[in-house]
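**Q** Mind looking at a prediction? Sequence and model below.
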Amino acid sequence: MPQKHFTLWTHETGPNPWKVAFVLNELGLEYESKYIDFHTKEQKGPEYLKITPNGRVPALIDHKNGDYTVWESGAILLYLVDKYDKENRLTVPVDHPERHQLYQWLFFQTSGQGPYVGQVGWFTWYHPERLPSVLERYKKETKRVLGVLEIVLSKQEWLVGGKMTIADMIFISWTSASGILLGEDLDFEKEFPATYKWHSKLMELPSVKAAHEEQARATALMKKGKAF
């Protein structure tokens, strides 16, 4: 079987790799997913650390560019649109007045939304002690992030450039996780109606649905103890 254009190092349940899958699908770029086994701490093993010294997912290898490797989801999305989105379908040109606003939203997601929602997950499911005050803080921060999005999306359909870009797509996984983790503490549609509408449109994209189908298959196989 010929090698695919990209190898995407990923995980079944981790939200960050799926941001990359969404964009690869949206741009029609072929890739092979390789799933890291967190139970054996494969992500901290010597072979994977050669790919990314951070020992986390995602990482992307571009086999048509000399096996060029990029890690960190925001950086990967920028690489993909800068190199392979020549028509600027999911981005704005470098000299566009909103180019730095695109960066702004990418950084806001990776440094704000992702870590806050991630901490809700950690202190809900994995931390050995129940710390209600800590959990409350991160739930409030998760809602604060949704509130920031609501301020903007109540005035415009998309975050940057008057169209869907990677600035929108980078939020999909963690916005979904927000709803799951906050549960009854969040009435998404009622509290943040513009953001809910925006997120719902993104979830209906064929590129996103295809990635979610892959994720469901991989998760099912993981639970059966089989390789994907």
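**A** Sure thing, it's come through. Numbers count the residues shown, from 1 in each chain.

**Q** helix or strand right after the helix or strand Leu106 falls within?
**A** Secondary-structure assignment from DSSP states H and E places Leu106 in helix 99-108. The first helix or strand that comes after helix 99-108 along the chain, using DSSP H and E, is helix 114-121.

**Q** avg pLDDT for that following helix?
**A** Per-region confidence: helix 114-121 scores 97 on mean pLDDT.

**Q** what does stretch 137-157 give?
**A** Here the average pLDDT along stretch 137-157 is 98.

**Q** Excluding its own residues, what touches that stretch? List them.
**A** When contacts are defined by CB atoms under 8 Å, 6 or more residues apart in numbering, stretch 137-157 is touched by residues 108, 112-113, 116-117, 119-120, 123, 159, 162, 171, 175, 178, 181-182, 185-186, 188, 191-195, 197-198. Bear in mind the C-beta positions are built from the backbone N, C-alpha and C, glycine included.

**Q** Give me the buried subset of those residues.
**A** By neighbour count, with 16 or more other CB atoms under 10 Å, the contacts of stretch 137-157 hold 108, 112-113, 116-117, 119-120, 123, 159, 171, 175, 178, 181-182, 186, 188, 192, 194-195, 198 as buried.

**Q** about what we covered before: next, the buried residues of the helix holding Leu106.
**A** Gln101, Leu102, Trp105, Leu106, Phe108.

**Q** list the buried ones in the longest helix seen in the chain?
**A** Secondary structure of the chain per DSSP state H: the longest helix is helix 132-153. Neighbour counts over helix 132-153 (16+ other CB under 10 Å) mark Leu135, Tyr138, Lys139, Glu141, Thr142, Lys143, Val145, Leu146, Leu149, Glu150, Leu153 as buried.

**Q** and what of stretch 30-38?
**A** So, applying 16+ other CB under 10 Å, buried residues of stretch 30-38: Tyr31, Ser33, Lys34, Tyr35, Ile36.

**Q** now swap in stretch 158-174 and tell me
**A** So, applying 16+ other CB under 10 Å, buried residues of stretch 158-174: 158-161, 164-174.

**Q** From the residues you listed, which land in helices?
**A** Among the buried residues of stretch 158-174, DSSP H puts Ile166, Ala167, Asp168, Met169, Ile172, Ser173, Trp174 in helices.

**Q** is it true that the last one touches Val117?
**A** Yes. Counting by CB atoms under 8 Å, a contact exists between Trp174 and Val117, whose distance comes to 5.0 Å.

**Q** Give me the contact list for the helix or strand Lys201 falls within.
**A** According to DSSP H and E, Lys201 maps onto helix 193-203. Under the criterion CB under 8 Å, 6+ apart, residues 146, 149-150, 153-154, 157-158, 164, 168-169, 171-172, 175-176, 188-189, 208-209 lie in contact with helix 193-203.
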